[in-house]
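Enquirer: Sequence first, then the predicted structure, then my questions.
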Amino acid sequence: MNDFNEDKSPLVLREYGRNVQKLVNYVKTIEDKEKRTRFAETLVDLMKMINPNTKDYPEYTQKVWDDLYIMAGFELEVDGPFPMPEKSILGRKPRKMDYNTHNVRFKHYGKNVELMIQKALALEDAEEREAAVISIGKLMKTFQLAWNRDNVDDEVILQNIEQLSKGDLTIGIEKVKEQNLFDPLVKEREFATNQPRQQRDNNNRGGNNNRNKRNFQKRRRN
């Protein structure tokens, strides 16, 4: 005669299977408390083997012991390492999370951009402010490209910065477009070519002098 699961009592925790439930029921029938505790500890080790990928989680051992008590209907008296949990945990609902009520003006930029603008407003040095505007503009353009790659305008980004800073943070739009200041793909080393020509010549001259000195020393050794 076939034995169908639908004819059996429902499982309390299905992830452990019916055989583990049978073992739990057997442990409950052991009269000697010391022996019952030893069997419970062995059963907990077996239950851990069923989900080996989660054994490294914090408080995992306590969770398995809680599961054992739950499967035993909170009627298992043993000297376990953890106290028996309250029955109320079975019907307890998770705490409702509060909805984010931050008033973000441009949601596609997020709250962090607004916080960065507030930090930039606190800067007193004009060069530091301009560098902050450029960094913020690069970040905002990155967000823009993530959802609108075909229509990203530096002038719109600059307008957004001015709106968020109430006009206190700005930079010339001609300079932005000419040097691609808001382009997130432009590396800082590319701006090195914009340094004064005399400074570049001095750097190159210094490098040539060092090479000539090394070549002269090499000829003397030979």
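Expert: Now that the structure is in, tell me what you want to look at.

Enquirer: any idea how far the most centrally placed residue in the chain is from Ile136?
Expert: Among the residues of the chain, the one closest to the centroid is Asn112, at 14.9 Å (C-alpha atoms, centre = their mean). For Asn112, the distance to Ile136 equals 10 Å [C-beta to C-beta, to the nearest Å]. The C-beta positions use only the backbone N, C-alpha and C, and glycine is treated the same way.

Enquirer: same check, this time on Gln159
Expert: Separation of Gln159 from Ile136 (C-beta to C-beta): 13 Å.

Enquirer: Neighbour count: the two, which is higher?
Expert: Each of Gln159 and Ile136 has its neighbours counted (other C-beta atoms under 10 Å); Ile136 has more, 24 against 13.

Enquirer: Just to check, the more buried one is in contact with Gln118?
Expert: No - at 10.9 Å, Ile136 does not count as touching Gln118 under the criterion of C-beta atoms under 8 Å.

Enquirer: remind me which residues of the protein are low pLDDT?
Expert: Low-confidence segments of the chain (pLDDT under 70): 1-8, 54-56, 58, 99-102, 187-222.

Enquirer: Helices of that one, start to end?
Expert: For the chain, the helices defined by DSSP state H occupy 17-29, 33-50, 60-71, 111-121, 126-147, 154-164, 173-179, 197-221.

Enquirer: Not counting sequence-adjacent ones, nearest residue to Leu164?
Expert: Take Leu164 and drop its neighbours on the chain: the residue closest to it by C-beta to C-beta, 6 or more residues apart in numbering is Ile117, 5.0 Å away.

Enquirer: How many residues are close by the one you found?
Expert: Neighbours of Ile117 (other C-beta under 10 Å): 22.

Enquirer: show me the contacts for it.
Expert: Ile136, Ile161, Leu164, Ser165, Leu169 (C-beta atoms under 8 Å, 6 or more residues apart in numbering).

Enquirer: ditto for Lys177
Expert: Here Lys177 is in contact with Asp154 (criterion: C-beta under 8 Å, 6+ apart).

Enquirer: and it, how far is that from Arg105?
Expert: Lys177 sits at a distance of 25 Å from Arg105 (criterion: C-beta to C-beta).

Enquirer: what domains does the record give for this protein?
Expert: Following automatic domain parsing, the chain resolves into domains at 10-90, 111-188.

Enquirer: Please tell me I have it right and Lys48 contacts Trp65.
Expert: No - applying C-beta under 8 Å as the test, Lys48 and Trp65 come out as separate, 10.3 Å apart.

Enquirer: more neighbours, those two?
Expert: Trp65 (22 against 15).

Enquirer: so what's the more buried one closest to, chain neighbours aside?
Expert: Phe82 (4.9 Å).

Enquirer: and the one you found, what is it in contact with?
Expert: Thr61, Gln62, Trp65, Asp66.

Enquirer: Quick check, the last one in contact with Pro85.
Expert: Yes - when contacts are counted by C-beta under 8 Å, Asp66 is listed as touching Pro85 (5.0 Å).

Enquirer: Let's have the helices of the chain in a markdown table, adding distance to Asp98.
Expert: Formatted as a markdown table, the helices of the chain follow (distance: least, C-beta to C-beta, whole Å):
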| stretch | distance to Asp98 |
| --- | --- |
| helix 17-29 | 39 |
| helix 33-50 | 36 |
| helix 60-71 | 27 |
| helix 111-121 | 15 |
| helix 126-147 | 25 |
| helix 154-164 | 25 |
| helix 173-179 | 39 |
| helix 197-221 | 55 |
